[in-house]
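# Here's my sequence, what's the structure:
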Amino acid sequence: MVFHGDRAAAAAWEAALEHAAGLGWELVEIDYAPFAQAARLLYEGAWIAERAAAVGDFVAAHPDDVDPIVAEIVGRGERPTAVEAFRSSYCLAELRRASEADWERIDALLLPTTPTIYTHEQIAADPIATNAALGTYTNFVNLLDLCAVAVPAGARTDGLPFGVTLIAPRDEDAELIGLAASWLGEPPAVAAAPAAAGAGDTLLAVVGAHLSGLPLNHQLTDLGATLVEATRTAALYRLYALAGTIPPKPGLVRAQADDGHCIEVEVWAISSAGLGRVIGSVSQPLSIGAVELADGTTVSGFVCDSRVVETSRDITEWGGWRAFVAASSHASRA
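Residues are numbered from 1 along each chain as shown. Here you go, the predicted structure:
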């Protein structure tokens, strides 16, 4: 990883990796070279000519209305030849093909949003080089036809902010937003028109490692399940962090008397055959039972044997598994 000598950024990146591991994400190293080479093409390849083609005439006609640095960058776009443009195109195609193998074994790239932070004075002194450096881990996204979302990742040791970017193939926006929500300890955003259960489908409430972006969610998506809504249970439950489970899992337990609370859950629509597969994969103390939602409806869902109360940590105060995992990760980094 390149941080241009910024030790605080490097340390923040290590903390971000710890946070990802704390979420149960499997971290896999890849060869970043094709992505890095594609990023350099944005400024060093013939794509700079695209700027001249798009706004060059305006810059030439209104020199006093354009920032001088912008005018300089756009002006550079007049230099590449047609031969250089084709060579850059061929190079990008090779890099895209080289990067495709990585998407067969990873769901997303996790990278620093920027490798360092510059002052206004530093950027003014060398604006082109500093802006190119700031795009070290993002300039390839558009060129390789990928999607991305940047999220905060806490403060550096010097008090300045640090962020990471999650990157995935095109049309994977919804999955990427789910990962971002998991990173932030938030419930995933659900489309304005959420999926509805099809004929013969069962609504299944999940509360832990099967949530969007978490380690076991693929067990639902692999069976064709679709997310219907992110919601809460009725105020009838308590949530416990189960001991010794891999990946970590919580248990949803029906509360005694008036000691219950609303717990965040996701409701998924799954086929009868798929539900059978899920039930077959569940082991004690977890099981599939009835879960009452905040709107008064009852669906199938992951529930837990009440005997875990004696050996498990009560995490009800966090209101859900995501918030607990996020808080635990932040605490371990403090």
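# Dump the biggest helix by length in the chain to PDB, restricted to CA.
Criterion DSSP state H: the longest helix present in the chain is helix 82-100. Provided in PDB are the C-alpha atoms of helix 82-100 (Å, rounded to 0.1, in the frame of the first residue of the first chain):
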ATOM      1  CA  ALA A  82      -4.900   9.200 -32.500                       C
ATOM      2  CA  VAL A  83      -2.300   6.500 -32.300                       C
ATOM      3  CA  GLU A  84      -1.700   7.200 -28.600                       C
ATOM      4  CA  ALA A  85      -5.500   7.100 -28.000                       C
ATOM      5  CA  PHE A  86      -5.800   3.600 -29.600                       C
ATOM      6  CA  ARG A  87      -2.800   2.400 -27.600                       C
ATOM      7  CA  SER A  88      -4.300   3.600 -24.400                       C
ATOM      8  CA  SER A  89      -7.600   1.900 -25.300                       C
ATOM      9  CA  TYR A  90      -5.800  -1.400 -26.000                       C
ATOM     10  CA  CYS A  91      -3.900  -1.100 -22.700                       C
ATOM     11  CA  LEU A  92      -7.100  -0.500 -20.800                       C
ATOM     12  CA  ALA A  93      -8.700  -3.500 -22.400                       C
ATOM     13  CA  GLU A  94      -5.800  -5.700 -21.300                       C
ATOM     14  CA  LEU A  95      -5.900  -4.300 -17.700                       C
ATOM     15  CA  ARG A  96      -9.700  -4.900 -17.500                       C
ATOM     16  CA  ARG A  97      -9.200  -8.500 -18.600                       C
ATOM     17  CA  ALA A  98      -6.400  -8.900 -16.100                       C
ATOM     18  CA  SER A  99      -8.600  -7.600 -13.300                       C
ATOM     19  CA  GLU A 100     -11.600  -9.700 -14.100                       C
END
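# list the buried ones in that helix?
For helix 82-100, burial by neighbour count (16 or more other CB atoms under 10 Å) applies to 88, 92, 95, 96, 99. For the C-beta atoms, the positions are set from N, CA and C on the backbone; glycine is no exception.
# and it, how far out from the chain's middle?
Distance of helix 82-100 from the chain centroid (CA atoms, centre = their mean, to the nearest Å) equals 28 Å.
# Show residues contacting the helix or strand just after it.
For helix 82-100, the succeeding helix or strand toward the C-terminus, using DSSP states H and E, is strand 109-112. If you take CB atoms under 8 Å, 6 or more residues apart in numbering as the criterion, strand 109-112 is touched by 1, 3, 9, 12-13, 16-17, 20, 25, 27, 30, 35, 137-138, 162-168.
# out of the buried residues of helix 82-100, who's nearest residue 246?
For the buried residues of helix 82-100, the closest approach to residue 246 (CB to CB) belongs to residue 99, at 31.2 Å.
# Settle this for me: the closest one is touching residue 36, isn't it.
No - using CB atoms under 8 Å as the test, residue 99 is too far from residue 36 to be in contact (10.4 Å).
# quick one: low-confidence ranges for this structure?
Scanning the chain for pLDDT under 70 picks out 187-199, 329-334.
# how about a cut-off of 50?
190-194 (pLDDT under 50).
# Let's see the PyMOL selection covering just the buried ones among the contacts of strand 109-112.
Buried subset of the contacts of strand 109-112, written as a PyMOL selection, criterion 16+ other CB under 10 Å:
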select buried, resi 3+9+12+13+16+20+25+35+137+138+162+164+165+166+167+168
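# Counting only strands, which of the contacts of strand 109-112 make the cut?
162, 163, 164, 165, 166, 167, 168 (DSSP state E).
# and the two most separated of these?
Spatially, the most separated pair among these is 162 and 168, at 21.0 Å (CB to CB).
# need the helices for the stretch 201-334 of the chain, in chain order.
Using DSSP state H, counting those that start in this stretch, the helices assigned to the stretch 201-334 of the chain run over residues 218-221, 272-281, 321-333.
# ok, now how distant is the residue lying closest to residue 10 once chain neighbours are set aside from residue 165?
Nearest residue to residue 10, sequence neighbours excluded (CB to CB, 6 or more residues apart in numbering): residue 3, at 4.6 Å. Residue 3 is 15 Å from residue 165, where distance means CB to CB, to the nearest Å.
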